[in-house]
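Student: Below is the sequence, then the predicted model.
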Amino acid sequence: MSKPRSLVLPPRTRVHRLETARGPFAVLDTEATGARRGTVLLLPGYTGSKEDFLGLLGPLSEAGYRAVAVDGRGQNESPGPRGRAAYRRRALALDAVAQAAALGDGPVHLLGHSFGGLVARAAAALAPGAFSSLTLLSSGPGRVARPQRIRVRVLRASLAVLPKERVWQAMCWLDSRGEEPDTDDAPELAGFLRRRWMRTRIAQLAGAGRLLLDRQDGTEGLAALRMPLHVAYGADEMVWAPADLRAAAARAGAHHTVVAGAGHSPNVSHPQELADRLTGFWEETSSPARVVSTAP
């Protein structure tokens with residue numbers, strides 16, 4: 001899971017509920033500095049939340065973009081039903097389409113991190129007119145790497161038989177293996193991570209995990225989308241194989257960004273560099289001659 005390094009809100013950020021045709025969603029809504037150049041909707045990953053984009057909101061705002069990070073249904077502070085059907089791919093995609101419409105800014109740039117990329121792809125296929133572009137951040141159309149598939153299977157199985165608190169404790173232990181004693185999360189951050197976990201619906205965690213384990217390769221569907229595409233990830237990405245992401249970007253004709261020194265969450269570790277790459281891509285989408293790759 002992504003861990004924000006700070007919970008401090010960037011300037012010009014409102015915390016509110018975005019009312020949509022499919023219900024309310026908790027959002028962090030950061031207004032652009034100066035004249036607005038566009039709006040971006042940010043979808044978080046598995047076991048994550050809107051706070052995973054806190055480091056990115058400021059740089060995007062400074063570049064002239066309204067940036068709106070959202071908790072998906074049943075995720076963190078957004079309400080969600082208990083039933084399994086509510087967390088199928090199409091239902092989540094319809095949520096993202098409704099969120100984009102509720103922003104009231106016309107077509108918006110759509111970015112999905114990790115699991116959020118699966119939702120973003122489905123939303124773009126469902127309603128391409130709602131989005132100016134699609135960015136998959138640390139998220140591939142192919143299968144997740146084997147160690148992560150095992151982790152997701154264990155997590156889903158544990159949630160089916162153990163109290164949520166016990167599963168949280170086990171996750172914390174696994175995440176701490178090999179770390180130095182002084183790298184523990186600060187109390188404020190540790191408290192937030194636990195609250196986020198406890199607030200997220202088990203049905204959401206189970207449903208998102210099920211989609212992550214899907215064996216289908218969606219590269220052909222990605223290539224068929226009629227909008228500017230961007231595949232971005234850290235050089236040390238571990239949830240999807242970097243070679244697979246590189247190949248998918250090439251097959252889909254997508255703009256390709258590799259952030260040196262970053263892992264699975266460049267939005268946390270390298271927010272300024274990622275913002276520069278994102279805004280560069282968005283600006284290039286309006287140019288007839290676009291550079292396809294910015295990989296080093």
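Tutor: On my side now, so go ahead.
Student: who does the lowest-mean-pLDDT helix or strand in the chain touch, helix- and strand-wise?
Tutor: Across the helices and strands of the chain, mean pLDDT, DSSP states H and E gives its lowest value to helix 164-176, namely a mean of 85. Secondary structure elements in contact with helix 164-176, counted by 3 or more Cβ pairs under 8 Å, 6 or more residues apart in numbering; DSSP states H and E, are helix 146-161, helix 187-199. Using the backbone N, CA and C atoms, a C-beta is placed for each residue, glycine as well.
Student: and the angle for that helix with helix 146-161?
Tutor: With axes from the mean of the first three to the mean of the last three Cα atoms, to 10 degrees defining the directions, helix 164-176 sits at 160 degrees from helix 146-161.
Student: what about His258, neighbour count?
Tutor: Let me fix one detail, which is that residue 258 is Val and not His. Val258 is flanked by 22 other residues according to other Cβ atoms under 10 Å.
Student: hang on, it packs against Ala235?
Tutor: Yes - under the contact definition of Cβ atoms under 8 Å, Val258 touches Ala235, with a separation of 5.4 Å.
Student: and of the helices and strands packed on helix 164-176, who's closest to Lys50?
Tutor: helix 187-199 (9.9 Å; Cβ to Cβ).
Student: mind listing what's buried in whichever helix or strand comes after the closest one?
Tutor: Counting by DSSP states H and E, the next helix or strand C-terminal to helix 187-199 is helix 202-212. Across helix 202-212, burial judged by 16 or more other Cβ atoms under 10 Å covers 203-209, 211-212.
Student: Please produce TSV containing those, extended by pLDDT and distance to Phe131.
Tutor: Written out in TSV, the entries for the buried residues of helix 202-212 read as follows (pLDDT from 0 to 100; distance: Cβ to Cβ, whole Å):
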residue	pLDDT	distance to Phe131
Ala203	96	27
Gln204	97	23
Leu205	96	26
Ala206	95	28
Gly207	95	23
Ala208	95	21
Gly209	95	26
Leu211	94	20
Leu212	94	22
